[in-house]
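K.L.:
sequence below, structure please.
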Amino acid sequence: MGDKRQQQRTKQKRGAGPTPAAPAGPEARGEAQALDVRSFLYVGGRDCQVAHLRQIASNFGAELIHHDGGLREAVSRIDNVLPSVDCVFCPIDCISHDACLRVKTGCKKFGKAFVPLRNGSKSSLERALHDLKAARSQTN
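P.N.:
Numbers count the residues shown, from 1 in each chain. Sure thing, here's the model as predicted:
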């Protein structure tokens with residue numbers, strides 16, 4: 001029994017050493033470098049999906065900051081968050097008119113990208129992130 005544990009430890013130590021350099025493809029660089037987005041604001045949507053949306057964002061190497069669009073949080077908080085994010089996503093089916101207008105004018109004021117989403121689904125956000133990644137890789 002002790003021999004098997006010793007063999008596993010030896011294998012782990014060998015794996016921890018230097019590895020040959022891999023090509024700098026999209027998998028090696030990671031999604032975040034290809035996206036060049038570190039954090040974004042997601043305004044509106046459904047509260048029950050926020051954890052799933054955060055996971056999608058982390059798969060791209062980005063942080064999702066959520067604002068509920070004025071249901072429980074003050075809409076004025078959007079102005080405080082906007083300067084610290086790279087872009088803003090808004091599902092147009094799950095957001096108040098006041099919050100949407102505030103986001104659009106704030107994005108113009110701070111020079112942030114505004115990305116309206118067709119709906120508040122997880123696939124809508126994922127599609128938008130893939131499109132953003134593709135657009136940024138074409139400009140580089």
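K.L.:
so the one residue sitting closest to the centre of the chain is in which element?
P.N.:
The residue lying closest to the centre of the chain (Cα atoms, centre = their mean) is Ala57, at 2.9 Å. Using DSSP states H and E, Ala57 sits within helix 50-59.
K.L.:
tell me what that helix is packed against?
P.N.:
strand 39-43, strand 63-67, helix 122-139 (3 or more Cβ pairs under 8 Å, 6 or more residues apart in numbering; DSSP states H and E). From N, CA and C alone the C-beta is placed, and that goes for glycine too.
K.L.:
contacting residues for Ala135?
P.N.:
With contact taken as Cβ atoms under 8 Å, 6 or more residues apart in numbering, Ala135 is in contact with no other residue.
K.L.:
would you mind measuring from it to Asn119?
P.N.:
Here Ala135 is placed at a distance of 21 Å from Asn119 (Cβ to Cβ, to the nearest Å).
K.L.:
hmm, back to that, closest to Lys104 out of the helices and strands packed on helix 50-59?
P.N.:
Distances from Lys104 to each of these were compared using Cβ to Cβ; the shortest belongs to strand 39-43, at 10.3 Å.
K.L.:
partners of that closest one, with directions?
P.N.:
Listed by DSSP bridges, the sheet partners of strand 39-43 and their directions read strand 63-67 (parallel), strand 87-91 (parallel).
K.L.:
most packed of the ones you listed?
P.N.:
The highest average neighbour count among those, using mean count of other Cβ atoms under 10 Å, belongs to strand 87-91 at a mean of 23.
K.L.:
run through who's touching it.
P.N.:
Around strand 87-91, the neighbours that count as contacts under Cβ under 8 Å, 6+ apart are 37, 40-45, 82, 99-100, 103, 106-107, 112-121, 124-125, 128, 132.
K.L.:
now Lys104: which helix or strand?
P.N.:
Using DSSP H and E, Lys104 sits within helix 97-110.
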